[in-house]
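A.B. asks: Output the structure for:
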Amino acid sequence: MAPVPKLTNTRNIGIIAHIDAGKTTTTERILYYTGKVHKMGEVHDGEATMDWMLEERERGITISSAVTSCNWSNHIINIIDTPGHVDFTIEVERSLRVLDGAIGVFCAVGGVEPQSETVWHQADHYHVPKLAFVNKMDRIGADFFRVVEMMKNRLGIKPLILQLPWGSEESFKGVIDLLKMKAITWDEESLGMEYNELPIPDELMDEALIYRDHILEILSEYNDTIMEKYLAEEEIDIADIKKAIRQSTIKLECVPIFCGSSLRNKGVQPLLDAIVNYLPSPIDVPAIKGHLPVSLEEETRASDPKGPFAALVFKVMMDQGRKMTFIRVYSGVINVGDTVYNPVKGVKEKLSRLLKMHSNKRERIESASAGDIVAAMGLKISSTGDTLCTEDKPILLEAINVYEPVISVAVEPKKIQDQDKLLDVLAKLSDEDPTFKYRIDDETGQIIISGMGELHLDIIIGKIKREYLVDTNQGKQQVVFRETISKDVEHEETFERELAGQKHFAGVKIRISSLSRGKGNQFVNKCTDPALTQEFIDAIKEGINEAASGGIMMGYPVIDVETTLIDVKVDESFSDAMAFKVAATMAFNSACVKGEPQLLEPIMKVEVLVPDEFMGDVIGSLNSRGGKIEGITAKGPVQVIDASVPLSKMFGYSTSLRSETQGRATYSMQFSHYDKA
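C.D. replies: Down below sits the predicted model:
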């Protein structure tokens with residue numbers, strides 16, 4: 001077995017960006033130049049190594065984050081390639097939760113696009129140090145400095161430009177390295193494997209000197225050694241500059257910026273050097289925080305193979321019907337066959353296999369230690385966000401933020417015999433993806449599936465058909481309304497009938513009153529007749545509950561009504577429980593008809609995160625949907641709008657919000673209450 005690399009030589013990084021900025025292409029180049037793969041796969045040909053799912057290859061987008069590792073300059077780099085589409089935000093969220101560093105890839109034409117903003121802020125939430133790579137410098141309309149300006153304004157970063165582009169669009173030749181003060185070009189014959197360092201062309205020298213001075217000026221704000229030498233106009237050693245850049249990057253003080261064109265095989269090797277030189281190893285980041293399960297005291301775990309074992313489950317996948325669990329080991333060592341403790345679920349589980357992943361290919365390993373990202377087999381109960389540790393040294397690590405689904409649709413199997421299989425498949429899929437949920441509607445009996453957007457549900461339905469061979473029909477989800485009354489009413493009803501030769505008799509007088517929203521239904525007994533037994537009271541309650549479950553306008557349940565029993569008529573010979581139940585049902589229905597019934601609809605609590613410039617459009621759109629704006633608060637560069645909106649008006653909102661805000665706003669919604677339709 002190969003010796004375990006020192007933690008200082010490990011880098012756990014993610015590649016994050018908006019859809020189509022070139023994340024997967026950049027990852028393919030990294031794998032090729034580090035010798036991990038011997039052929040570069042292209043996204044547009046459907047052959048990218050990291051996009052291995054059929055849906056990814058057909059659509060040319062990343063859907064599921066893929067894990068791989070490679071070697072560069074004696075360092076092990078574990079890479080997670082994440083999706084760029086807003087519907088798969090959870091994939092980015094859970095990846096960033098377990099990474100130590102990230103590379104933000106930006107298109108030189110599109111600049112800072114909406115989803116780049118979202119994922120960048122997610123990385124900020126987890127305090128992940130970042131590098132920026134301005135890709136597609138060869139495209140028509142590429143503008144390096146405009147993109148840097150956008151990063152400054154939209155992401156609120158301090159850019160540290162370490163490279164300048166040599167030309168752009170069709171004339172993009174290579175990059176100018178501002179630390180070495182060299183021009184770098186790539187050899188097209190060797191697919192960019194070989195590159196040359198040349199003197200900087202005369203026409204670019206003045207600009208290069210200005211930008212190199214900028215680097216020293218920015219670093220001197222954060223580093224005393226650089227400041228002293230810079231002010232004294234002494235020569236500063238490259239090693240000192242690199243050390244200062246590393247410190248500032250890890251402390252999130254500034255973001256080193258590089259450029260290139262991954263598709264044209266230019267600019268990737270310096271990016272690999274930057275990962276090794278400037279992004280943190282597991283021991284450079286603060287010890288992971290958690291708390292003790294019972295006392296809830298804060299506890300930390302430093303990245304140390306000799307420490308007590310602690311790991312976080314960040315992803316679950318079904319692999320040929322078996323559960324594969326992705327874990328990040330924070331401290332200690334784990335071996336195949338070990339029993340681990342899950343303090344979230346309070347269970348012990350045995351690891352049957354450990355795997356080092358390369359996209360969908362795997363290599364069996366015997367153990368994993370602090371800093372490793374591996375897949376484990378044999379964990380049947382642990383799910384996304386759970387902690388794994390030892391029972392004698394338990395710790396609960398911070399779980400992963402999970403977004404609530406915002407769109408739902410009803411599904412049913414085309415063949416009735418597939419009903420149980422479909423429910424089994426949905427349970428597996430919701431295990432894999434915490435943003436996908438399903439339920440059986442109590443009132444309609446339909447299976448309702450919910451997700452983050454139309455594309456998300458499309459992919460899920462495609463998966464059910466392809467991987468599990470269950471054909472389904474989809475409908476549009478119906479809003480389930482409620483009914484209530486708008487005025488108080490008294491009503492008396494007598495039931496007298498002969499059934500199967502037996503006479504039945506009961507008389508009931510009730511008053512129904514409207515209650516405020518959210519109070520539910522209540523029953524009050526104010527009848528003092530001594531002939532009213534507990535059996536009869538229970539029968540009356542049952543009759544009223546049955547009547548309330550059906551409603552009188554459109555058959556929806558009646559809510560927020562108080563029913564008071566005022567009086568009864570009892571005949572000792574012919575009164576029984578059945579007669580009282582029927583009399584109560586009839587009395588309740590008749591009273592509701594007199595009580596001016598009205599329809600209630602579900603109102604959702606909606607939260608929209610929107611950049612300032614689109615505020616007017618978003619507020620106008622919410623008002624046009626019958627929404628009430630309840631508050632607006634600033635949150636960094638975005639505004640948070642809180643509103644309540646009828647659910648029936650929220651269908652298709654995710655699409656319209658994206659078009660109103662160029663995709664830069666996001667929203668979440670949850671049920672609030674029922675109100676007059």
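
A.B. asks: When you work out contacts or count neighbours from here on, use the C-alpha atoms and nothing else.
C.D. replies: Will do.

A.B. asks: can I assume residue 503 sits in a strand?
C.D. replies: Yes: counting by DSSP: H, G, I helix; E, B strand; the rest coil, residue 503 is located in a strand.

A.B. asks: does it really touch residue 574, like I thought?
C.D. replies: Yes: Residue 503 is within contact range of residue 574, at 6.0 Å (criterion: Cα atoms under 8 Å).

A.B. asks: buried sites along stretch 620-639?
C.D. replies: Neighbour-count burial for stretch 620-639 flags 621, 622, 627, 628, 629, 638, 639 (criterion: 16 or more other Cα atoms under 10 Å).

A.B. asks: All the helices of the stretch 301-450 of the chain, residue numbers only.
C.D. replies: Taking DSSP state H, counting those that start in this stretch to define them, one finds helices in the stretch 301-450 of the chain at 419-432.

A.B. asks: just for it, where's the confidence low?
C.D. replies: 359-360, 402-407, 442-443 (pLDDT under 70).

A.B. asks: what about the strands in it?
C.D. replies: 310-319, 322-331, 333-335, 339-342, 347-350, 353-358, 361-365, 367-369, 373-377, 387-389, 396-397, 407-413, 437-440, 447-451 (DSSP state E, counting those that start in this stretch).

A.B. asks: then the fifth one to PDB, C-alphas only?
C.D. replies: Coordinates of each C-alpha in strand 347-350 appear next as PDB, following Å, rounded to 0.1, in the frame of the first residue of the first chain:
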ATOM      1  CA  VAL A 347     -27.100   3.700  15.900                       C
ATOM      2  CA  LYS A 348     -23.900   1.700  15.300                       C
ATOM      3  CA  GLU A 349     -23.100   0.600  11.800                       C
ATOM      4  CA  LYS A 350     -20.300  -1.600  10.300                       C
END
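
A.B. asks: Off-centre distance for it?
C.D. replies: Its chain's C-alpha centre and that of strand 347-350 lie 27 Å apart, by Cα atoms, centre = their mean, to the nearest Å.

A.B. asks: In that strand, which residues are buried?
C.D. replies: Neighbour-count burial for strand 347-350 [16+ other Cα under 10 Å]: 348, 349, 350.

A.B. asks: Mean pLDDT per helix and strand in the protein: which one sits at the bottom?
C.D. replies: helix 54-59 (a mean of 46; mean pLDDT, DSSP states H and E).

A.B. asks: Show me what the helix or strand following it is packed against.
C.D. replies: Using DSSP states H and E, the helix or strand that follows helix 54-59 towards the C-terminus is strand 66-72. Other helices and strands packing on strand 66-72, by 3 or more Cα pairs under 8 Å, 6 or more residues apart in numbering; DSSP states H and E, are strand 75-81, helix 268-278, strand 353-358.

A.B. asks: Note down every partner strand of strand 66-72 and its orientation.
C.D. replies: strand 75-81 (antiparallel) (DSSP bridges).

A.B. asks: tilt between the strand it pairs with and strand 373-377?
C.D. replies: Angle of strand 75-81 versus strand 373-377, following axes from the mean of the first three to the mean of the last three Cα atoms, to 10 degrees, is 70 degrees.

A.B. asks: What angle do strand 353-358 and strand 75-81 make with each other?
C.D. replies: 80 degrees.

A.B. asks: gap between strand 75-81 and the chain center?
C.D. replies: 22 Å.

A.B. asks: Next SSE downstream of it?
C.D. replies: helix 89-98.

A.B. asks: if we can go back for a sec, format the buried residues of strand 347-350 as JSON lines; extra columns: distance to residue 367.
C.D. replies: As requested, those are exported to JSON lines (distance: Cα to Cα, whole Å):
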{"residue": "348", "distance to residue 367": "18"}
{"residue": "349", "distance to residue 367": "16"}
{"residue": "350", "distance to residue 367": "14"}
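
A.B. asks: Closest to residue 433 out of these?
C.D. replies: residue 349 (21.2 Å; Cα to Cα).

A.B. asks: Pull the helix or strand hosting residue 28 out as CSV, backbone CA atoms only.
C.D. replies: If you go by DSSP H and E, residue 28 is part of helix 23-33. C-alpha atoms of helix 23-33 as CSV (Å, rounded to 0.1, in the frame of the first residue of the first chain):
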residue,chain,number,x,y,z
LYS,A,23,-16.2,23.8,-14.7
THR,A,24,-16.3,20.3,-16.1
THR,A,25,-14.0,21.2,-19.1
THR,A,26,-11.5,22.7,-16.6
THR,A,27,-11.7,19.5,-14.4
GLU,A,28,-11.1,17.3,-17.5
ARG,A,29,-7.9,19.3,-18.3
ILE,A,30,-6.7,19.0,-14.7
LEU,A,31,-7.2,15.2,-14.9
TYR,A,32,-5.4,15.0,-18.2
TYR,A,33,-2.3,17.1,-17.2
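
A.B. asks: Which strands and helices lie in contact with it?
C.D. replies: strand 10-16, strand 75-81, helix 268-278.

A.B. asks: what's the angle between it and strand 10-16?
C.D. replies: 150 degrees.

A.B. asks: quick one, phi/psi of residue 260?
C.D. replies: phi 170, psi -170 (degrees, to the nearest 10).

A.B. asks: State the distance from it to residue 31.
C.D. replies: 17 Å (Cα to Cα, to the nearest Å).

A.B. asks: These two - which one has more neighbours?
C.D. replies: Each of residue 260 and residue 31 had its neighbours counted (other Cα atoms under 10 Å), and the higher figure belongs to residue 260 (30 against 23).

A.B. asks: Quick check, pLDDT for the more buried one.
C.D. replies: Note for residue 260: predicted pLDDT of 95.

A.B. asks: Distance-wise, check the residue of the chain most remote from its centre relative to residue 527.
C.D. replies: Most distant from the centre of the chain: residue 573, at 66.3 Å, with distances by Cα atoms, centre = their mean. To residue 527, residue 573 is 21 Å away according to Cα to Cα.

A.B. asks: Show me where the stretch 501-650 of the chain has its helices.
C.D. replies: Using DSSP H, counting those that start in this stretch, helices in the stretch 501-650 of the chain cover 534-550, 577-594, 615-624.

A.B. asks: Ok, which of the ones you listed comes nearest residue 331?
C.D. replies: helix 615-624 (45.4 Å).

A.B. asks: Let's test this: mean pLDDT of that closest one, rounded?
C.D. replies: Mean predicted confidence for helix 615-624 is 93.

A.B. asks: From the contact counts, what lies against that helix?
C.D. replies: strand 628-635, strand 638-646, helix 653-660.

A.B. asks: Redo these as TSV? Include mean pLDDT and distance to residue 451.
C.D. replies: As requested, the helices and strands packed on helix 615-624 are arranged in TSV below (pLDDT from 0 to 100; distance: least, Cα to Cα, whole Å):
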stretch	mean pLDDT	distance to residue 451
strand 628-635	86	25
strand 638-646	87	19
helix 653-660	86	12
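
A.B. asks: Nothing else from me, thank you.
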